[in-house]
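*Asks:* Fold the following.
(2 chains)
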Amino acid sequence: MTENSKAIAVFCSTLATEKELKPLEPRKWGEIALKLQELKREPEELLNYSVNELQTVLDIPAEQACQMGRLRDRSAALFFEISKYENMGINIVTRADKLYPVKLKRKLKNQCPPLFYIAGESEILNSAFIGFVGSRSIEFGDEEFTRNTVNTVAQAGYGVVSGGAKGVDSVSEDEGMNNGINIVEFVSDSMMRKLRSPKILTAVQNGNMVILSEVKPDAGFNAGMAMARNKYIYIQSEATVVVRTDLNKGGTWGGATECLKKGWVPVLCRNKESYPGNMALIERGAIPIDQYWDGSIPDILGRNTMASDSFVRTAVQEEVQLSFDGF
Amino acid sequence: MWSDRELEARATQILKEMYGEEAAFREGQYEAIAATMKNRRSLVIQKTGWGKSLVYFICCRLLKEGSNGVTIVVSPLLALMDNQLAAAEKIRLRCGILNSTVSVAEKAKTFQKLTEKELDILFITPEGLFKDDFQEIRPKISVGLFVVDEAHCISDWGHDFRLEYGKLNRVISALPSSVRVLGTTATANDRVVEDLKKQFGNNVYISRGTLLRNNLYIQVLKMKDRASRYAWMAENIPNLEGSGIVYCLTQRDCDYVTDYLIKNNIRADSYYSGKANAEEALKKFQNNELKVLVATIKLGMGYDKGDIAFIIHYQMPQNVVSYYQQIGRAGRNIPKAYTFLMMGQEDEEIIEYFIRTAFPSEKELCEVRDLVQEHDGIGAGQLLPFINAKKARMEKALNFLEHDGYLYFDNGYHSTPKPFRYDSAHYEEIKAIRYREMKDMQQLQETGCCYNRTIINSLDDHTLSDCGFCANCCGRLFPETVQASNLEKAQQYLESLQMLIKPRKKWAAIDDPGFKELSYKKIQYQNETGICLSKYGDPGYGALVRQGKYAKPPRFSEELVGKSARLLQQLIQDNSIQYITCVPSLRSDIVPEFTKRLADRLKLTFLELLEKTSAEPQKTMENSSFQCINALRSFRINDGVHIPEKLILVDDIVDSKWTLTVCGYLLRREGCTMVFPFALADSSQKED
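*Replies:* I've put the predicted structure just below:
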C-alpha cells in the first residue's frame, strides 16, 4: 500500500475499531479529500499532524480532530489486522490507489466509498460487464431465464457483475463460472465466508473473479449496506439486467429506479407481464428484453453495441465527464 | 516534541538516572535513540553486550513522557535478564512480559494493565503477538514504538525460518511510516541487512559497529572420529571452570553425549525439541546445578545466562552466522570464555540433509493446498490419511503455505484466493547460499588466520586486525590429543551402544475399508521392547549394514551376525526363547539368510511363519497412516504353521516400526505370547 492509501485506511477502515471509536463516515472523508485537494496536500501528511494541526489545517470541529487522532493512535493494531487479511488474500484498495474501481470513481466522484476490501486480480475490473440483479427467492423460470441470459452475455463477450446474494445473484455467477467468463461480485456481507467455497476460490485463483466489499470481510448482513452496494453493480456494468423485482419495494426496485433516475447505465428488464414490478420498471424507461435478447445494448443514440465496441463508448463518455482524481 | 538539543539533554539525563552521574553513551547509542525518535525507523546491528536494550529503554521513557503510547518489544527471550529489568526499573518503566511460561492469571492481569495504560513496555514472543487473545486487545493499545529483537529473523534470507517472524515481516512492511520501528540484532550480514531495509523502508537509519567479542577464546580441535571427541570432552571438561554448553546437530547425539558425560561423573543434561523435561534441564543449568547442558540449535536465540564459561561444538554448525550466535552465548557477564569447535566426519552428511530438506517440494505444496481447498477447515492431523507424506514434511508444507499466503489457519486450515506459484528459483538460490555457507564453515576449521577475525569478516564486519588471543593468534589453549586410556574407554562405550525398539501402542488413522475399525484404536496384541543394533549409515555397524544392503549379492557380514548374537544372548536367556523368525520380503532374501545364520550362532530354531503379499515397498510410504495401512495389507501368517509361545522377530531396517508392529500383531493373534523385535539398523530421522 502507498502511504496515502495507508492514511485513508487509518481514518476510514472499520478494522480495529470499537464502540467508542468509529472511523470517519465516507461523506466526512469526502469533505476532507476535497479540502486536501484545495490545499494541495496529500492524505499521508495527516499522519504526522498533531490533533491541533488537524483541526486548524482541515478546518474541522475539535471533536472530529480528536477522533482522527485516536484513529491514528491505533495504527499498529490496524495494520496487524490488515496484514492478517492480506495473509488471507484480501487486500485493501483505496481511492488513492490506481487499482480502485475506476468506473465507480468516474461516475460517483467524491461520493465513492473511501476503500474496498478486495480479493482477486483487480485488472479484470477494466473489462466490460453486464450486471444481474433480482430477488433473493426465485422460481424455476427465473433461474432458467437468468442462466440463458448469462450464456447470451458470455457469447457477446461480456462478464457478469452481481451482488453475491442468494437467488439471481448466485445463479448468474454460477452460470458465469460455468462459462469461464470474468465475474465481479460486490458483496454487502460475509466476504470471508464466500471465499471458503472451492468453486469461488478456484475462479478467483484463475484470475476470472474479483470480490469486493465495502464492509469489513467478516461483517454480517445489513440491509442498508445491501441497498448501498446496488449502485456499484450498475456502475460497474455496461448495462444491468433486472430479472425480477417487487413493485415499489425492496432492494432490486430501489436500485433499478435509482439507476433510471441517475442515468448511469441502461437498465434492461425482463419483459414478463405477470411480474408487476418488472412491468412498472419498463414503464419508467427500462429496456424490455426476453429470452431472445442477443446481447446488444441500445445506447442513447439508439445504436446497438456489442462488448467489443463498449471500450470505444466508454472512452467517448469519459471525455464528456469531469474526471475525479482525488483521494 | 523535543528539539535535537533538548532530546540529547533529556536522553543523557535518563541514562544518568540509570547508571549514575558518570555514565555516558557508548559510541552510536545516542544516535540510534535520536534516529528512532525522529526518523522513526532504525536498525541496530551491534554485538552482544553493546547495549541494544538501552536504546529502547530510553526511547520508551521518552515516549512515556510525551504520552506517546506503549513500547512493544517482540523477542524470543524466555526470560528477561535481571540486570536489564533493574535498569528499566531505575527509570521507572513499568514492564510486562508475555511468553509461554506466563500463567493464565498473570496474562489476564498484563492484558488489563495494557488496556488501562498502566504499562510502559511489554516484552512479547512472536507467537504471543499473533495469538487470538492478544489480537482482541490490540485495538485498545496505542503503540508508540515497536521493537523487533533478533530482527534478522524477519528476513527470509536469515538462517532461522519461523512462521511468526514471516507474519511479523509482513506487518512491519505494512505499517505506515508514522509508527516507530526499531530492529535489533547481533547477527546480520550485508545480505540480511539489504533485505531488512526493504521491510523497514529505505530511509531506515542503520547503526552498525564492530562484532568482535574480546573475551571469546576460540580453539578448533581437528578430531574427526567420534571416540576422540567423546574422550576429549570427558578428559577436558572437568578442567574447565564454570558451566558450559555442548552443541550437537541431532537429538540422538545429544542423548549419547549426555549419557557419556554422566558416566564420566560430569553433571550433564540435554535440551532439544520434544525432549521430556527439557525445561527442567534448562532451569537446572540456569541455577548452576549442571556443569554441562548438551543441546541442539533449539537452545539458541533468546537464551541468556550471563556466566557461561565454555561452549563446545561436538559437531560443526550449519554456517558461520549460527556459529557466531552460538558462541556468543558465552562470556556475557564474565571476563573470559572458551569455545571449542570440533568437526565430525558425519557433519557434512547431516548438514546436507538439513539443506536438502529445508524446503517442501512443489508436489508437496500443491498436494497439501489442493487437499485443504477441497476440505475447507481441515486440521493438520486429519490430512495424513489423504496424503503420502511424512508428518513432519506435511507440517512443513502447511507452514510454508501459510507463510506465503496460500493458506491461513482459523479453526482449521483454509485456502486463500492467491494463485499458487512455486518459487523454485528463490529456494534454489537459498539452498546454494547455504551450501556455500557450509563450505565457509569448513574453511574456518582449516584457516591459519585469526579465528575471531575470520568469523566477523564473514559476517561482513571487515575488521583488519587480529584478536590476539584465539588459538591461532597465541598458540594452543587446550591439548588437542587425548590420553590412550580415555580413547579406549570412549571406543568401548560407543561399541556398546544399542537402541531399544519401543512397541507401538495405538493404530494410526486408517482410511481403508478393510481395517477401518482399527483406526486410532489401542493395539490389542503388542510387541515386547526390542533391540536395534545401530543407526543406519553411522560409522561402525551402521556403515556395515549399509555395505551389506548394497553388496552384490546383498549379504550382511559375519561381523554383524556375531555382534547381533552378543546383543541378543542375555534377552534369550532371561526369557528362555527357543525360536526365531524374520520379516519376509518379496525382493531379496537377505533377511532370511541373515536370520538363519544368526539362528545357528544362537542355537535357536528358525521358522518361516510370515508371508508377504504383494504390496507397495514400505519405504515408499511416507507417513504413519500410509505405513500402517500398507503394512496391514502386506503380511499374513503362512498356512498350517505352528506358532511358538515366544519369538525373536528379525528385520534389517526399522523406520516407522509399522512392519514389526503388524507382524508381531499377527503372530500374537495366532497364539504367540511374546514377540521381541530385533533390527540391524534404525533409519528414522529425528532432528531439530
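*Asks:* how far is the longest helix seen in chain A from where the chain is centred?
*Replies:* Secondary structure of chain A per DSSP state H: the longest helix is helix A:140-155. Averaging C-alpha positions (CA atoms, centre = their mean, to the nearest Å) puts helix A:140-155 22 Å from its chain's average.
*Asks:* Give the partner strands of the very next helix or strand once past that helix in its sheet and their orientations.
*Replies:* Following helix A:140-155 in sequence order, the next helix or strand is strand A:159-162 (DSSP states H and E). The strands beside strand A:159-162 in its sheet (DSSP bridges) come out as strand A:129-133 (parallel), strand A:183-187 (parallel).
*Asks:* Mean neighbour count, those strands: which tops it?
*Replies:* strand A:129-133 (a mean of 29; mean count of other CB atoms under 10 Å in any protein chain shown). To be clear about C-beta, it is placed using only N, CA and C from the backbone, and glycine gets the same treatment.
*Asks:* could you dump the strands paired with strand A:159-162 to TSV with mean pLDDT?
*Replies:* Shown next, in TSV, are the strands paired with strand A:159-162 (pLDDT from 0 to 100):
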stretch	mean pLDDT
strand A:129-133	97
strand A:183-187	97
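*Asks:* which SS class is B:L586?
*Replies:* Taking DSSP: H, G, I helix; E, B strand; the rest coil as the rule, one finds B:L586 in the coil state.
*Asks:* er, B:W232 I mean
*Replies:* Assignment for B:W232 (three-state DSSP): helix.
*Asks:* so what's it up against?
*Replies:* B:221, B:223, B:342, B:482 (CB atoms under 8 Å, 6 or more residues apart in numbering or on different chains).
*Asks:* now do 10 Å
*Replies:* When contacts are counted by CB atoms under 10 Å, 6 or more residues apart in numbering or on different chains, B:W232 touches B:221, B:223, B:312, B:314, B:340, B:342, B:478-483, B:486-487, B:490.
*Asks:* Tell me the confidence at B:C60?
*Replies:* With respect to pLDDT, B:C60 has a value of 96.
*Asks:* Where does pLDDT dip in the stretch 201-327 of chain A?
*Replies:* The stretch 201-327 of chain A contains residues with pLDDT under 70 at A:299-325.
*Asks:* Could you tell me the end-to-end distance of stretch A:237-251?
*Replies:* End-to-end distance for stretch A:237-251: 18 Å, by CA to CA, to the nearest Å.
*Asks:* Can you list the buried residues in that stretch?
*Replies:* By 16 or more other CB atoms under 10 Å in any protein chain shown, the buried positions in stretch A:237-251 come out as A:237-246, A:251.
*Asks:* still on that earlier bit, report the buried residues of the longest helix of chain A.
*Replies:* Neighbour-count burial for helix A:140-155 [16+ other CB under 10 Å]: A:142-143, A:145-147, A:149-154.
*Asks:* Likewise for stretch B:586-604?
*Replies:* B:590-592, B:594-599, B:601-602, B:604.
*Asks:* how far out from the middle of the chain is it?
*Replies:* Worked out by CA atoms, centre = their mean, stretch B:586-604 lies 39 Å from the chain centre.
*Asks:* tell me the mean pLDDT over that stretch?
*Replies:* Mean predicted confidence for stretch B:586-604 is 93.
*Asks:* which residues touch the closest residue to chain A within the stretch 251-400 of chain B?
*Replies:* The nearest approach of the stretch 251-400 of chain B to chain A comes at B:D376, 4.9 Å away (CB to the nearest CB). Contact analysis of B:D376 by CB under 10 Å, 6+ apart lists A:195-198, A:201, B:412-415.
*Asks:* one more time with 6 Å, if that's ok
*Replies:* The contact partners of B:D376, by CB atoms under 6 Å, 6 or more residues apart in numbering or on different chains, come to A:196, B:414.
*Asks:* So B:A151 is in contact with B:G183, correct?
*Replies:* Yes - shown here, B:A151 and B:G183 form a contact pair, counting by CB atoms under 6 Å, at 3.2 Å.
*Asks:* Grab the nearest non-local neighbour of residue 201.
*Replies:* This is for chain A. Excluding the flanking residues, the one nearest A:L201 by CB to CB, 6 or more residues apart in numbering or on different chains is B:S415, at 5.5 Å.
*Asks:* Sorry, I should have been clearer: chain B.
*Replies:* In space, and not counting its chain neighbours, B:G201 is closest to B:R41: 5.3 Å by CB to CB, 6+ apart.
*Asks:* phi, psi of that neighbour?
*Replies:* phi -130, psi 120 (degrees, to the nearest 10).
*Asks:* can you tell me how far it sits from chain A?
*Replies:* As defined by CB to the nearest CB, to the nearest Å, B:R41 lies at a distance of 13 Å from chain A.
*Asks:* And the pLDDT for that residue?
*Replies:* For B:R41, pLDDT reads 92.
*Asks:* mind checking the longest helix of chain B?
*Replies:* Per DSSP H, chain B has its longest helix at helix B:424-446.
*Asks:* Quick check: buried residues in that one?
*Replies:* B:427, B:430, B:434, B:437-438, B:440-441, B:444.
*Asks:* Kindly export the lowest-mean-pLDDT helix or strand in chain B (C-alpha atoms) in PDB.
*Replies:* For chain B, counting by mean pLDDT, DSSP states H and E, helix B:82-90 ranks last in confidence among helices and strands (a mean of 77). Included here for helix B:82-90 are C-alpha records, laid out as PDB according to Å, rounded to 0.1, in the frame of the first residue of the first chain:
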ATOM      1  CA  ASP B  82      17.700  -9.400  35.900                       C
ATOM      2  CA  ASN B  83      20.200  -6.600  35.200                       C
ATOM      3  CA  GLN B  84      18.000  -5.400  32.300                       C
ATOM      4  CA  LEU B  85      14.900  -5.300  34.500                       C
ATOM      5  CA  ALA B  86      16.800  -3.500  37.200                       C
ATOM      6  CA  ALA B  87      17.900  -0.900  34.700                       C
ATOM      7  CA  ALA B  88      14.300  -0.400  33.500                       C
ATOM      8  CA  GLU B  89      13.000   0.000  37.000                       C
ATOM      9  CA  LYS B  90      15.600   2.600  37.800                       C
END
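*Asks:* quick one: contacts of whatever helix or strand comes next after that helix?
*Replies:* Remark: after helix B:82-90, the chain's next helix or strand is strand B:95-98, criterion DSSP H and E. If you take CB under 6 Å, 6+ apart as the criterion, strand B:95-98 is touched by B:88, B:110, B:119, B:121-124, B:128.
*Asks:* Note down every partner strand of strand B:95-98 and its orientation.
*Replies:* Counting by DSSP bridges, strand B:95-98 is paired with strand B:121-124 (parallel).
*Asks:* mean confidence for the helix or strand just after the strand it pairs with?
*Replies:* Proceeding N to C from strand B:121-124, the next assigned helix or strand is helix B:126-129, under DSSP H and E. Helix B:126-129 comes out with an average pLDDT of 88.
*Asks:* what do you get for stretch B:443-451?
*Replies:* Here the average pLDDT along stretch B:443-451 is 93.
*Asks:* Just put the strands paired with strand A:159-162 in TSV and tack on distance to B:S243.
*Replies:* Compiled in TSV, those are given as follows (distance: least, CB to CB, whole Å):
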stretch	distance to B:S243
strand A:129-133	71
strand A:183-187	61
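*Asks:* tell me which parts of the stretch 151-300 of chain B are close to chain A?
*Replies:* Within the stretch 151-300 of chain B, the residues that sit near chain A (CB under 6 Å from any CB of the partner chain) are B:170-171, B:174-176, B:178-179.
*Asks:* buried ones in the helix or strand where B:L560 lies?
*Replies:* If you go by DSSP H and E, B:L560 is part of helix B:558-575. Using 16+ other CB under 10 Å as the test for burial, helix B:558-575 gives B:560-561, B:563-565, B:568, B:571-572.
*Asks:* repeat for stretch B:294-306
*Replies:* B:294-301, B:303-305.
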